[in-house]
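Enquirer: need coordinates for the following:
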Amino acid sequence: MVFSTIIFLCVFLPIVIIGYYLVPKPAKNMFLLICSLFFYAWGEPVYVLIMLASIAYNYLFGMFIANTKRDELWMIISVVVNLLVLGVFKYSGFFIENIDKVIPNLLQVPDIALPIGISFYTFQGMSYCIDVYRDKEMVQKNPVNLALYIAMFPQLIAGPIVRYSDIRTELTNRSHNAGMFSEGAGRFIIGLSKKAILANTLGAVATNIMSEDLQTMGVGVAWIGAIFYTLQIYFDFSGYSDMAIGLGKIFGFHFPENFNYPYISKSIREFWRRWHISLSSWFRDYLYIPLGGSRKGNVYLHLLIVFLATGIWHGAAWGFVLWGLWHGFFIIAERVVSNHKNNGRETKSEIQGRSCIKKFLGWIYTMLVVVVGWVLFALVSVRKTAQYLMVMFGWQKNTFVAYSPSYYLDKKTICIFVIALLACVPWKQVWHKLAGNDKEENEKIGNDKAENEETVNEKLCKGNQTFAQTLAGMIGQKIVLLVLLVLCFVFIITGSYNPFIYFRF
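Expert: As a prediction, this is how the structure comes out:
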């Protein structure tokens with residue numbers, strides 16, 4: 001079941017919310033777990049058994065680790081079993097296919113469907129067992145609570161990857177109030193708007209372009225396809241994360257943030273601090289640091305392993321492997337350059353005093369690396385990616401071009417494209433930065449001076465005016481959210497393109 005469908009928005013979600021708030025507190029977790037299992041079984045009736053098995057063995061491994069005073073053997077077994085299950089369902093076909101190319105007819109390529117969300121709930125189960133072993137978390141003795149942690153439907157299919165520590169307390173003691181419900185509903189609508197209005201519109205164009213014959217594609221069209229896909233995957237995935245976080249708040253949970261305006265990054269290192277934050281932090285804590293991080297061993301080798309694992313996590317294809325290594329190469333290169341500058345005794349003031357031009361060039365470089373990477377990510381095929389990039393950068397000039405850029409850029413698409421570009425920027429932060437701290441400080445001093453001179457009546461009048469402004473702002477915000485919700489329904493009902501990119505991971 002997809003969040004951006006009528007059956008979810010108009011049937012499943014209202015029933016779950018109403019039922020959740022009607023059942024007594026002791027039954028809320030069980031009710032939410034049953035709804036989550038139904039949600040998963042709607043699209044994966046057979047593979048829900050795989051998820052239930054994952055819940056069962058991670059629960060048992062957690063108990064074994066705790067009861068044997070955190071025996072390392074049980075932790076290793078838990079990691080091996082989780083990776084083995086993930087390997088069988090996600091990577092066995094890929095490995096056997098490549099073996100078959102070297103030694104034909106040695107093994108038969110298995111026809112195994114990929115269970116939706118297996119990468120996400122497997123990582124959650126692993127992190128739970130590892131944290132119990134590290135004595136960072138107490139073992140969860142209630143199987144319903146652990147099952148809800150792993151299977152909760154808002155974050156089950158495409159994350160964010162929630163740590164047990166993120167919601168440990170809220171599994172047994174969480175609060176519900178109108179403010180939190182309203183905030184969650186607003187966040188859900190924002191995420192739905194990103195998905196239904198922005199990602200779907202731009203994604204339909206990107207898909208059409210990238211499925212075109214590369215022998216008849218022009219440079220401009222190739223760039224449109226790459227840029228539109230770059231925006232699509234961001235608004236698709238961040239939109240889903242927003243919806244998950246919003247739904248979590250509706251049910252009393254606080255899920256971690258997963259995106260922080262990644263397309264304003266001025267380096268690849270910064271990009272990965274802002275993109276898919278839950279995955280980046282997972283690999284940092286459970287792979288990079290255990291390997292030695294930057295303190296023990298070869299940090300460049302550690303980074304290479306992490307980004308190789310990042311690529312493999314995203315999919316069983318050489319395109320994903322190369323995509324991970326592509327980002328890993330630039331991460332390592334930036335670290336080498338940074339170390340070289342530090343050895344050259346570059347002062348902190350020099351670093352902070354970099355010109356706007358250098359920052360702009362850093363952003364251009366970062367986005368170029370990211371866009372090229374997304375072409376590889378979208379096409380997966382290494383050969384097709386190479387051909388696409390040759391057309392995109394003008395190295396392959398086709399004599400006959402089937403479609404011009406104007407064919408794909410109607411008024412509606414251009415409007416959505418401009419809105420998407422604007423939505424990539426944290427305008428509130430930009431405004432505060434432009435306004436400057438000095439101005440705020442001067443205003444504060446002036447306000448304090450004026451306050452001393454105010455009479456009681458003036459203070460009351462000013463307080464009423466502030467309340468009225470706040471109330472007007474809240475009403476205005478609700479109207480905007482309502483309009484967005486209506487537009488989402490219009491786009492969903494009238495549109496035919498509605499996939500979630502990260503469902504396949």
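
Enquirer: where's the residue nearest the centre of the chain relative to Phe393, distance?
Expert: The chain has His276 as the residue nearest its centroid, 4.2 Å off, counting by C-alpha atoms, centre = their mean. Going from His276 to Phe393 by C-beta to C-beta, to the nearest Å gives 27 Å. Where C-beta positions appear, they are placed from N, C-alpha and C, glycine not excepted.

Enquirer: now the residue nearest to the centre of the chain. Nearest residue, chain neighbours left out?
Expert: Distances taken as C-beta to C-beta, 6 or more residues apart in numbering place Asn258 nearest to His276, at 6.3 Å, with adjacent residues excluded.

Enquirer: where do the helices sit along the stretch 201-350 of the chain?
Expert: All helices of the stretch 201-350 of the chain, identified by DSSP state H, counting those that start in this stretch, fall at 219-250, 268-274, 277-283, 289-291, 299-314, 318-343, 348-352.

Enquirer: quick one: closest of those helices to Ser193.
Expert: Closest to Ser193 of the helices of the stretch 201-350 of the chain is helix 219-250 (C-beta to C-beta; 7.5 Å).

Enquirer: same for the closest one, what does it pack against?
Expert: helix 153-156, helix 178-193, helix 200-210, helix 356-379, helix 382-392, helix 405-408, helix 411-423 (3 or more C-beta pairs under 8 Å, 6 or more residues apart in numbering; DSSP states H and E).

Enquirer: to Gly239, which of those helices lies closest?
Expert: Of all these, helix 178-193 comes closest under C-beta to C-beta, at 4.5 Å.

Enquirer: report the backbone C-alpha coordinates of the closest one in CSV.
Expert: Below are the C-alpha coordinates for helix 178-193, written out as CSV (Å, rounded to 0.1, in the frame of the first residue of the first chain):
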residue,chain,number,x,y,z
ALA,A,178,-4.0,18.1,19.8
GLY,A,179,-0.8,20.1,19.2
MET,A,180,1.2,17.1,18.3
PHE,A,181,-1.6,15.6,16.2
SER,A,182,-1.9,18.9,14.3
GLU,A,183,1.9,19.2,13.8
GLY,A,184,2.0,15.6,12.5
ALA,A,185,-0.9,16.1,10.1
GLY,A,186,0.7,19.2,8.7
ARG,A,187,4.0,17.4,8.3
PHE,A,188,2.2,14.6,6.5
ILE,A,189,0.5,17.0,4.1
ILE,A,190,3.8,18.7,3.3
GLY,A,191,5.4,15.3,2.5
LEU,A,192,2.4,14.2,0.4
SER,A,193,2.6,17.5,-1.5
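
Enquirer: name the residues of that helix that are buried.
Expert: 180-182, 184-193 (16 or more other C-beta atoms under 10 Å).

Enquirer: check stretch 85-100 too.
Expert: 85-86, 89-91, 93-94.

Enquirer: show me the shaky parts of this protein.
Expert: Low-confidence segments of the chain (pLDDT under 70): 342-354, 436-473, 500-505.

Enquirer: just to revisit the earlier point, let's have the helices and strands packed on helix 219-250 in TSV, adding distance to Met243.
Expert: As requested, the helices and strands packed on helix 219-250 are exported to TSV (distance: least, C-beta to C-beta, whole Å):
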stretch	distance to Met243
helix 153-156	7
helix 178-193	4
helix 200-210	14
helix 356-379	22
helix 382-392	30
helix 405-408	28
helix 411-423	15
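
Enquirer: closest to Ile103 out of these?
Expert: helix 382-392 (21.7 Å).

Enquirer: so which of the helices and strands packed on helix 219-250 gets nearest Ile227?
Expert: Comparing those by C-beta to C-beta, helix 356-379 comes nearest, at 6.6 Å.

Enquirer: so for that closest one, what gets flagged as buried?
Expert: 362-363, 366-367, 369-379.

Enquirer: quick one: contacts of it?
Expert: Outside helix 356-379, the residues that touch it by C-beta atoms under 8 Å, 6 or more residues apart in numbering are 206, 210, 226-227, 229-230, 233, 263-268, 270-271, 314, 319-320, 322-323, 326-327, 330, 382, 385, 388-389, 392.

Enquirer: what sits against the residue lying closest to Lys412 once chain neighbours are set aside?
Expert: Once flanking residues are discounted, Lys412 sits nearest to Thr201: 7.4 Å by C-beta to C-beta, 6+ apart. By C-beta under 8 Å, 6+ apart, the residues touching Thr201 are 412-413, 416, 491, 495.

Enquirer: follow-up on the earlier one: now list the buried members of the contacts of helix 356-379.
Expert: Buried among the contacts of helix 356-379 (16+ other C-beta under 10 Å): 206, 210, 226-227, 229-230, 233, 263-268, 270-271, 314, 319-320, 322-323, 326-327, 330, 385, 388-389, 392.

Enquirer: follow-up on the earlier one: which among the contacts of Thr201 end up buried?
Expert: Looks like the contacts of Thr201 have 413, 416, 491 buried, using 16+ other C-beta under 10 Å.

Enquirer: let me know the closest of those to Asp166.
Expert: Phe491 (31.8 Å).

Enquirer: residues contacting the closest one?
Expert: For Phe491, counting by C-beta under 8 Å, 6+ apart, the contacting residues are 196-197, 200-201.

Enquirer: any idea how far it lies from Tyr47?
Expert: In terms of C-beta to C-beta, Phe491 sits 30 Å off from Tyr47.

Enquirer: got it, and Phe271?
Expert: Distance of Phe271 to Tyr47, computed by C-beta to C-beta: 33 Å.

Enquirer: next: Trp395.
Expert: Taken as C-beta to C-beta, the span from Trp395 to Tyr47 is 43 Å.

Enquirer: the two: which has the busier surroundings?
Expert: Tyr47 (18 against 11; other C-beta atoms under 10 Å).

Enquirer: what are the phi and psi values at that one?
Expert: phi -80, psi 0 (degrees, to the nearest 10).

Enquirer: let's verify the nearest residue to it once chain neighbours are set aside: helix, strand, or coil?
Expert: In space, and not counting its chain neighbours, Tyr47 is closest to Pro115: 3.8 Å by C-beta to C-beta, 6+ apart. Here Pro115 takes the coil state, with states given by DSSP: H, G, I helix; E, B strand; the rest coil.

Enquirer: repeat that for Ser4.
Expert: Three-state assignment for Ser4 (three-state DSSP): coil.

Enquirer: in contact with it, which residues are there?
Expert: So, once contact is read as C-beta under 8 Å, 6+ apart, Ser4 ends up touching 192, 195-196, 200, 488, 492, 498, 500.

Enquirer: list the contacts of Gln215.
Expert: Counted by C-beta under 8 Å, 6+ apart, Gln215 has contacts Asn398.

Enquirer: ok, the one 5 residues further on next?
Expert: Residues near Gly220 by C-beta under 8 Å, 6+ apart: 404-405.
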